[in-house]
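Student: Structure for the following, please:
(chains A and B)
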Amino acid sequence: MRYVVRLDDEEAAVSYAQLPPPLREHVSGELRRLAESPSTVSRRAHFPHPQEGQLFDVEPVVLLGVKHWVTIMFMYSRDERTLLIKWIVHRSGRVL
Amino acid sequence: MVTTAPQLLDAQLDLLDQRAGDGPGRQAAIYAADVEDLIALALETLERIRRRCDAHNQNGGKEDGQALLNYWRRWHEIAVRALAGVEAAESQGRRLEQADAFRFAINEASIAVDWERVLAAQQRLESGGGGRTLEEIENALRRQA
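Tutor: Just a heads-up that it's a prediction; the model follows:
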């Protein structure tokens, strides 16, 4: 079963829209990979909160000499049909 | 004298803090040779913080959640400083085995820095009030382009 992916409008959706377009395309593909099989590609978060959710590390990618590391925090909806994306973190660095 | 888990974690963070140096000005010359060890120490320290949080959640939240978040935040602050040393080593052509894992760990810890906003996002999503599907967002971005 493929999950629906839903992003919080005020945070995750904004972060997603701000990614450089080629990186956004990569992240979009990775979100679709996540939606196919979230339990096998994500890891549990460990923060001091009972409903903290899961973390998904996007496959690192090099675009125009810059490497990108993106981490996505999500949780399952109550009906287990949707992945609710709470937060997207993006870090980048130039590579040789 | 018995060393308690919090004392051990504090001591490990102090050690990491000391090894990370004081910023981009010093890191390349002094720490490049030890950068693999620095990453290993950082990841091990973070794993200790994760275990503390797990214990807290398993025990019904008896520990101070804010204090635990502060461990994450302190680790993040040190790790960002240590990253300057990692980048300096990489710029000299060194391939560091755990460099990706380290950057993902920094990403993870940065979530603690913005914890209140993360919780607010969670509450919006749980209430069903906020959020758009990936397809809706992509369609909107295409229209803007």
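Student: So which bits of the lengthiest helix in chain B are buried?
Tutor: Scanning chain B for the longest helix, with DSSP state H as the assignment, gives helix B:65-91. For helix B:65-91, burial by neighbour count (16 or more other Cβ atoms under 10 Å in any protein chain shown) applies to B:65, B:68-69, B:71-76, B:78-90. C-beta here means a position set from N, CA and C on the backbone, and glycine is covered the same way.
Student: Can you tell me which of the residues you listed are also in contact with chain A?
Tutor: Checking those against chain A by Cβ under 8 Å from any Cβ of the partner chain, the ones in range are B:65, B:68, B:69, B:72, B:87, B:90.
Student: Residue A:93 is in contact with the fifth one, correct?
Tutor: I take that to be residue B:87. Yes - in this structure, residue B:87 is within contact of residue A:93 by Cβ atoms under 8 Å, at 6.0 Å.
Student: Give me the distance from the longest helix along chain A to the chain's centre.
Tutor: Ranked by number of residues, the top helix in chain A under DSSP H is helix A:21-36. Remark: helix A:21-36 is offset 8 Å from the chain centroid, using Cα atoms, centre = their mean, to the nearest Å.
Student: now swap in stretch A:47-54 and tell me
Tutor: Put simply, stretch A:47-54 sits 16 Å off its chain's centre (Cα atoms, centre = their mean).
Student: same question, stretch B:88-105
Tutor: Chain-centre distance of stretch B:88-105: 15 Å, with Cα atoms, centre = their mean.
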